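J.: Below is the structure, and that's it, no one-letter string:
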């Protein structure tokens, strides 16, 4: 293992920043985009390709696209351009957008059954129709194999799944769950699987875990064109026979999408200034400054507020900072975790992420994003409880308290030697190894060094181990670390925390993979502590409670307070993301407030929605780029029952007689409006997805209303 143990003071970081700016100013640049040479097929002009950052860096196996295998990165672009989802979830508006599904999920009144109506005419990129058989196969495959990703969730929740007809599936759940559909939608859930491909693997007796799924077949608008054997870039080509093009005449603007890793952020910034990069996930503030100081590049620079500062997106859905391995000694001791937390000074972290454009982190003491509504509902009402733990409302986090940290350690048998170092109760010198990212996620890496420096000043010997993305994922999910800089504090809705908190329940503990993963909390779920049963009971109730029920807030607050008492991870803040748009070749980006139809998340599945709105500017030569005439979205459809269902479905409730239309009572997902006012952002309209039992007589009205609400959402 390669550890970095030398101290890196904040002043040194600032000097590095100054050096980077100086180097960039002295570096000659070619700003003529026509001369850019990205790895494209011969004859493809720059204006036909959208170039996005591959923020994951180098892929050790760029031909691996089987997302069923935990801990192995899937080739970049699969999620962003190729994968299919039953629904997209718009984190900007809170709206559920039917995609492969024809309409929103339909729950029984007791939330123990859920019907999915599949859109007719959807096909995989090889022409094979997507039907109920695909979904039933996928769920049964994952549910029946404990080695596969998402097994714990589906084994826990799915009692049975059955095909009613070719385009209708019914889930029978093991218990009421008002949010089960979250597991089948973008960002919070899993992509869809082609039965005809994976079934053949099984028939041949091959190992699913060894199957690479290369080249992947897609439900998204793009298909894989080429892969860099070295693992740095992936080229995707627009599928001219995409099902949504055939059904609705919509298609994305770029003919090609290139996801590329140019190297360190400094090289990416140079590519940006040469107009060889159209969007990035984020940069460190000093790297952003090299672009900000370039008068030619800043002309076409776009960010959260469009062409105006501050440019950083303030509401990344995850907080970042250190995470303790609560399954490993001594981090399984609550007092030790709090002692380490009290040894931290968040002000240094805030300073390290404050940008020249005015972008600045907003801390949160709980494992939730400080959306204005979240602060109002959760942080301010619980402020008196937070203050008991040293919370300082002025900085929005816990005050550094070295005396308290020392008191807690000595109480648990730790001693400080004559060398000023802390020793374990066994007499051994206490050494903390922090695992962090190498090559990518540099904001997490920076936090690792800041945390390490502060703990060293407190007298603990600390090593920092930067690990490449592939090995990092593997070790992370297996729990092979002491402390890790990661991002388990995520939430996508300001008020309803029922999408995230229930995943802390002990039933989601996977002893084979007792670590962390995206929206997987096995490390915390496997941790036993005196109030575990109490927390589990709260989370069970939260899963059952309707998102609009006031008990949802009450239960979430109780869960947050137990988390606070235990302090499994003292996350700092959502790092201000310099999620930038280069508006030289393309326009139509989501920019607040004029055109904010989606969060600017080019590394999420939602990039598929953004691609549909992009238009060529005319500044770059084009050949096959498409200019959408209007806002493009796949519309919801009215589900039509198949005359002869196979097999016979469970009888529905007795319909209410009417001479004109058949009326049935169902529970359907609905969108409601919520106005949120922020001190830093103008009043904006946000939406939350809720469920409502109502009498439905005409789906056409519902369909029109959904489209109107969508237009309102981005108007």
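T.: Happy to help now that I have it. These figures come from a predicted structure and were not determined experimentally.
J.: Domain-wise, how is the protein divided?
T.: Domain assignment for the chain by the TED database gives 45-81+220-313+578-636, 84-211, 318-490+512-533+561-574.
J.: To residue 540, which of the ones you listed lies closest?
T.: domain 84-211 (8.0 Å; Cβ to Cβ). For every residue, glycine as well, the C-beta is placed using N, CA and C.
J.: Output the below-cut-off pLDDT ranges for the stretch 551-700 of the chain.
T.: Regions of the stretch 551-700 of the chain meeting the criterion pLDDT under 70 cover residues 640-700.
J.: Go again with 80.
T.: The stretch 551-700 of the chain contains residues with pLDDT under 80 at 639-700.
J.: now the helices: where do they sit in it?
T.: With DSSP state H, counting those that start in this stretch as the criterion, the stretch 551-700 of the chain has helices at 607-611, 699-714.
J.: what does the stretch 351-500 of the chain give?
T.: Using DSSP H, counting those that start in this stretch, helices in the stretch 351-500 of the chain cover 372-374, 383-387, 402-411, 442-457, 469-478.
J.: for the last one, which positions count as buried?
T.: Buried residues in helix 469-478, defined by neighbour count with 16 or more other Cβ atoms under 10 Å: 469, 470, 472, 473, 474, 475, 476, 477.
J.: again, but for the longest one
T.: The neighbour-count criterion (16+ other Cβ under 10 Å) identifies 442-456 as the buried residues of helix 442-457.
J.: Repeat that for the third one.
T.: Across helix 402-411, burial judged by 16+ other Cβ under 10 Å covers 404, 405, 406, 408, 409.
J.: Identify the residues contacting the fourth one.
T.: Neighbour list for residue 408: 335, 336, 338, 339, 342 [criterion: Cβ atoms under 8 Å, 6 or more residues apart in numbering].
J.: just residue 489 next, same as before
T.: 318, 319, 320, 321, 364, 366, 367, 368, 369, 569, 571.
J.: Please repeat the previous calculation with a cut-off of 7 Å.
T.: Contacts for residue 489 (Cβ atoms under 7 Å, 6 or more residues apart in numbering) come out as 318, 319, 367, 368, 569, 571.
J.: Quick check: the farthest pair among those?
T.: Based on Cβ to Cβ, the longest span within the contacts of residue 489 runs between 368 and 569 and measures 12.4 Å.
J.: got a markdown table for the contacts of residue 489, with neighbour count too?
T.: As requested, the contacts of residue 489 are exported to a markdown table (neighbours: other Cβ atoms under 10 Å):
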| residue | neighbour count |
| --- | --- |
| 318 | 18 |
| 319 | 25 |
| 367 | 27 |
| 368 | 26 |
| 569 | 27 |
| 571 | 26 |
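J.: List the ones among the residues you listed that fall in strands.
T.: Among the contacts of residue 489, the residues falling in strands (DSSP state E) are 318, 319.
J.: Distance to residue 331 for the contacts of residue 489 - can I get that in a markdown table?
T.: Listed next are the contacts of residue 489 as a markdown table, based on distance: Cβ to Cβ, whole Å:
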| residue | distance to residue 331 |
| --- | --- |
| 318 | 21 |
| 319 | 19 |
| 367 | 17 |
| 368 | 22 |
| 569 | 10 |
| 571 | 15 |
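J.: which sections of this structure are below the confidence cut-off?
T.: By pLDDT under 80, the low-scoring segments of the chain are 1-38, 41, 92-94, 187-188, 517-519, 639-715.
J.: and the spatially most central residue of it, what does it touch?
T.: Nearest residue to the geometric centre of the chain (Cα atoms, centre = their mean): residue 187, 5.4 Å. When contacts are counted by Cβ under 7 Å, 6+ apart, residue 187 touches 89, 492, 604, 605, 606.
J.: didn't the first one look like it was pressed against residue 185?
T.: I take that to be residue 89. Yes: using Cβ atoms under 7 Å, residue 89 is in contact with residue 185, at 4.9 Å.
J.: which neighbours do the two share?
T.: Common neighbours of residue 89 and residue 185, using Cβ under 7 Å, 6+ apart, are residue 96.
J.: hang on, the earlier thing: specify which member of the buried residues of helix 402-411 is nearest to residue 464.
T.: Of all the buried residues of helix 402-411, residue 464 sits closest to residue 405, with 20.1 Å by Cβ to Cβ.
J.: Not counting its neighbours along the chain, what's nearest residue 357?
T.: The shortest distance from residue 357 to any non-neighbouring residue, by Cβ to Cβ, 6 or more residues apart in numbering, is to residue 309 (4.0 Å).
J.: Can you report how many residues lie near that neighbour?
T.: 16 (other Cβ atoms under 10 Å).
J.: And it, how close does it get to residue 602?
T.: Look at residue 309 and residue 602: by Cβ to Cβ, to the nearest Å, they are 20 Å apart.
J.: How many neighbouring residues does residue 638 have?
T.: Other residues lying near residue 638 total 12 when counted by other Cβ under 10 Å.
J.: Residue 257 - that's part of a strand, no?
T.: Yes: according to DSSP: H, G, I helix; E, B strand; the rest coil, residue 257 belongs to a strand.
J.: Measure how far stretch 173-181 is from the centre of its chain, please.
T.: Distance of stretch 173-181 from the chain centroid (Cα atoms, centre = their mean, to the nearest Å) equals 22 Å.
J.: phi, psi of the nearest residue to residue 131 once chain neighbours are set aside?
T.: Of all residues not flanking residue 131 in the chain, residue 166 sits nearest, at 4.9 Å (Cβ to Cβ, 6+ apart). Residue 166 adopts backbone torsions of phi -60, psi -20, taken as degrees, to the nearest 10.
J.: same thing with residue 107?
T.: Dihedral angles for residue 107 - degrees, to the nearest 10 - are phi -100, psi 150.
J.: what's the distance between it and residue 134?
T.: Separation of residue 107 from residue 134 (Cβ to Cβ) stands at 22 Å.
J.: What segments of the stretch 151-300 of the chain are helices?
T.: Applying DSSP H, counting those that start in this stretch to the stretch 151-300 of the chain gives helices spanning 151-157, 195-203, 243-248, 265-273, 285-292, 295-298.
J.: Check those helices for me and report the most buried one.
T.: When you average the neighbours per residue for each of the helices of the stretch 151-300 of the chain (mean count of other Cβ atoms under 10 Å), helix 285-292 leads with a mean of 23.
J.: Next, the angle from it to helix 265-273.
T.: Calculated by axes from the mean of the first three to the mean of the last three Cα atoms, to 10 degrees, helix 285-292 forms an angle of 20 degrees with helix 265-273.
J.: between helix 285-292 and helix 442-457, how big is the angle?
T.: Going by the same axes, to 10 degrees, helix 285-292 makes 140 degrees with helix 442-457.
J.: for helix 285-292, packing partners?
T.: Packing contacts for helix 285-292, counted by 3 or more Cβ pairs under 7 Å, 6 or more residues apart in numbering; DSSP states H and E, involve helix 10-26, helix 265-273.
J.: Just list whatever residues bridge to residue 50.
T.: As for beta bridges, residue 50 partners with residue 257 under DSSP bridges.
J.: That one - how many residues pack around it?
T.: When counting by other Cβ under 10 Å, one arrives at 27 neighbours for residue 50.
J.: shouldn't it be in contact with residue 259?
T.: No: applying Cβ under 7 Å, one finds residue 50 not in contact with residue 259, separated by 9.5 Å.
J.: Quick one: residues contacting the residue lying closest to residue 606 once chain neighbours are set aside.
T.: Spatial nearest neighbour of residue 606, excluding adjacent residues (Cβ to Cβ, 6+ apart): residue 598 at 5.6 Å. Neighbour list for residue 598: 90, 92, 590, 606, 609, 610 [criterion: Cβ under 7 Å, 6+ apart].
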